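# Have a look at this prediction, sequence included:
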Amino acid sequence: MTVRTRFAPSPTGYLHIGGVRTALFNWLFARKHGGQFILRIDDTDQQRNVEAALEPILAGFRWLGLDWDEGPGVDGPHAPYYQSQRSDRHQAAAKQLLEAGFAYRDYATTDEVQAERTAAEKEKRDFVYSRRWMAETDEQAAAYEGEGRQFVVRLKMPREGKCEFRDLIRGDVSFVWAKEQDHVIQRGDGSCLYHLASVVDDADFEITHVIRAEEHLSNTPRQIFIARCLGCKLPEYAHLPYVAEPGGTAKISKRKLDKYLKNRDFKSLCDHGNAIAAAIGHETTADTFNPVIVDFYREVGYLPAAILNYLVLLGWSLDDKTEEFTRDEMIRHFSLERVNKSPASFDPQKLSAFQLRHMQQLPIKQKVALVVPFLQKAGLIASPPPCDTAPLLTKIVEAAGDRLKTAGDILEFDEFFVADEAMTYDDKAFDKRVRADGAATLLSSFRDILADTEPFDRATCEAALRLFIELHDIKIGDIIHALRVAVTGKGVGLGMFEALEILGKDRCLARIGRCLERAESEAT
RNA sequence: GGCCCCAUCGUCUAGCGGUCUAGGACUCCGGCCUUUCACGCCGGCAACACGGGUUCGAGUCCCGUUGGGGUCACCA
C-alpha cells in the first residue's frame, strides 16, 4: 500500500509557521515511503476570493520546495482538490448517514440548543444535547416543519462505550463516547461542515496517514465515528505537538503578536525584517509581515533550507548530535517514531543560528544571485544589472562573509552602491571618530598617502597604513576608525582594506575629501 | 469547569532499568583572535516538577499530586 498524506490549508491569505511544520512532516513521511503528498484546499467556509487567499500559501510551499503530487495546479485521479467543489460527495455522505440512522434531522434553533448548554453549565453537569427536536421519521419532520422550523443534520453519536484508537505519536488514546457531542455535519442550507467533508475527502483521496496538529486530537473520535458509519477504511492517525510561542508554552498564533514583541529575541527578529522590508519598499503591516508567517522569511532573504532544517528539529530529532540536514537527509532519516510528544517553543535565535550555518555553506555565486533582487528592489542597482555588476558584487559578498546572515543584509552595505556625494553618514560615528582629536589631520595626511598608493589593492593599502602609523607613532585605532567613517559613512562594516579596494582609489579619495570638508564646515 | 494530552538545562533535544557524577545544540557569561562589526577558537554556568510505589537498582516502569497545554461552534 502506498503511503498517502495530505495537508489541508484553508485559504486564509497566509502560511503559518506551525502549518508549515505540519506540512513538512506530512511531506517528509510521504517522500520517505515513496508515497504521495496531497494538498487539499479546505474552503467549505465559502469566501469570496479563494484563489487570491490561496496564492500566498502555494507560493510559500513552492519557495520551500515542498512539492505536492496532487492538489491545486496538479491534477490527479481524485480531482477536484478543493472541498468547495466536492460538496456533492459530502452531501451524499450526509444522506447516507441519515438513511442509516447514524445521523438525524434536528429542528432545534440555535437558541434552543444554546439554552440547553447554558442550563447544563449552570447545573454543573456535562452538556449533551437532549435530542428533543430530533426527527427520525418523516412525520416528526413534517410536524416540526409545520411549526416553520428548519433542520440541520446532526451526528447521532453513541452514548455508551469508548472510542479507542492508536495514535502513531501518542500511543493508545481513549475517549468516552457519551461525552461526544451530536455535531452538526450539514447546515440548514445544505452545505456540509468540516468534519464530514474532511473524512469523506480523506477517504476519497485514499489518505493512509492523517498527520496533523494536536489540536485535532479531540476531534478524532467524531471523525472515526463518521468514517466507520460510512464504511470507510480508517487512516492511521498521528497527532503532532503544536509549535509553541516564543518563550512560552501556548500554541503560537498570529493574533498574539503584541505579546511576542515583548520577547527580546522575537522583537529583534522582527526589527531586522522590518528594516530590510523598509529598504526594499515592501509593505509591512504587522498582519501581513511577521515571523509567524512564512512569507516574512522569504522577503527578508532567509534560505528555505535553513527554515526547513530548523522546523524539522522542532519536535523531531534523529539522535543526540545530528542537527544539520539537507532535504535528502531529512527524507532519509525521518520517522514518526522519533517525533516528540510535547510542544516545542519557537526560538528565533536558534533559527538564526541555522540560517547562519546554511549561509556559510552556500557557494559565493549563489549568494550573489540571492542578493541581486534585494539591491534591485532597493534601487541600488539597475534591473537588469549592468554586466560589470557581477564582479563587483562578488567582491562585496566575499568581503562581507558571515556578515551576510540573510540575503537582505546586503542592504547594510549600500555605501558601495551609492554615489560619493549621496553617501550618508552615521552621525554618532562621525562625531566619535572623525571629530576625535587629531583625527582629521591624520585623515588628511593619509589621504595623500593613498593618492600615491599603487596598486590600490587591499594588501598594498594595508602596507601603506601600517607604514603610516609607524611613521606617526600612533596606533592603528587612532586612524582606521576615522578612515572607515570617511569612506563608508559608518562605524562598522567590512574589513577596512577590502572596503578600500572595492571602492577604488578615486572614490576613496573623493569620500575622504568630502568627509574632511564636512568636518571643517561643521566645526565652525 | 468537563474531556483529552504533555512534563530532562532559559530554549530545542539525547536518554527506551544499571555504561547518567545526565550528553549535544542555541542562548548567556568569561577568555582568545582582532581595524569595527560579524565569524572562528577555548572555557564556564545551567535540567531529570513533586510524592508514593515496583525493583538488587528508576530520568527511564506504575499510581497520585502539582504545573502547563489542547479542546469543548450551523470555523477549519
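That came in fine, so what should we check first? Since the model is a prediction, treat every value here as computed from it, not as a measurement.

# Could you verify that residue A:104 is part of a strand?
Yes - counting by DSSP: H, G, I helix; E, B strand; the rest coil, residue A:104 is found in a strand.

# Run through the bridge partners of it.
For residue A:104, the beta-bridge partners are residue A:154 (DSSP bridges).

# check contacts around it.
Neighbour list for residue A:104: A:98, A:131, A:134, A:135, A:136, A:153, A:154, A:156, A:182 [criterion: CB atoms under 8 Å, 6 or more residues apart in numbering]. All C-beta atoms are positioned from the backbone trio N, CA, C, and that covers glycine.

# Now compare those and name the two farthest from each other.
The largest separation in the contacts of residue A:104, counting by CB to CB, is between A:98 and A:131 at 14.5 Å.

# Compare neighbour counts for those two and give me the winner.
More crowded of residue A:98 and residue A:131, by other CB atoms under 10 Å: residue A:98, with 18 against 15.

# The more buried one touches residue A:155, doesn't it?
No - assessed by CB atoms under 8 Å, residue A:98 is found out of contact with residue A:155, at 10.3 Å.

# Pull out the buried members of the contacts of residue A:104.
Using 16 or more other CB atoms under 10 Å as the burial test, those include A:98, A:134, A:135, A:153, A:154, A:156, A:182 as buried.

# okay, those in JSON lines with distance to residue A:254 next?
As requested, those are exported to JSON lines (distance: CB to CB, whole Å):
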{"residue": "A:98", "distance to residue A:254": "38"}
{"residue": "A:134", "distance to residue A:254": "39"}
{"residue": "A:135", "distance to residue A:254": "42"}
{"residue": "A:153", "distance to residue A:254": "33"}
{"residue": "A:154", "distance to residue A:254": "32"}
{"residue": "A:156", "distance to residue A:254": "37"}
{"residue": "A:182", "distance to residue A:254": "32"}
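
# Closest one of the residues you listed to residue A:367?
Nearest member of the buried ones among the contacts of residue A:104 to residue A:367, counting by CB to CB, is residue A:153, at 57.6 Å.

# residues contacting that closest one?
Taking CB under 8 Å, 6+ apart as the test, what residue A:153 contacts is A:94, A:97, A:98, A:103, A:104, A:105, A:106, A:184, A:185, A:186.

# What is the nearest of the residues you listed to RNA strand B?
For the contacts of residue A:153, the residue nearest RNA strand B by CB to the nearest atom of the strand is residue A:184; the value is 3.6 Å.

# For the closest residue to residue A:193 other than its chain neighbours, give me phi and psi.
Nearest non-adjacent residue to residue A:193, counting by CB to CB, 6 or more residues apart in numbering: residue A:185, 5.5 Å away. Main-chain dihedrals, residue A:185, degrees, to the nearest 10: phi -110, psi -10.

# Now do the contacts for residue A:185.
With contact taken as CB under 8 Å, 6+ apart, residue A:185 is in contact with A:94, A:97, A:103, A:153, A:154, A:155, A:192, A:193, A:195, A:196, A:226.

# how close does the fourth one sit to residue A:184?
Between residue A:153 and residue A:184 the distance is 7 Å, computed by CB to CB, to the nearest Å.

# Name the residues contacting each of these two.
Contacts common to residue A:153 and residue A:184, judged by CB under 8 Å, 6+ apart, are residue A:106.

# Residues of the stretch 351-500 of chain A that sit close to RNA strand B?
A:352-353, A:356, A:360, A:401-403, A:405, A:462, A:476-477, A:480-481, A:484, A:491-497 (CB under 7 Å from any atom of the strand).

# Which ChimeraX command selects the buried ones in those residues?
In ChimeraX syntax, the buried subset of these is picked out as below (16+ other CB under 10 Å):
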select /A:352,405,462,480,481,484,493,494,496,497
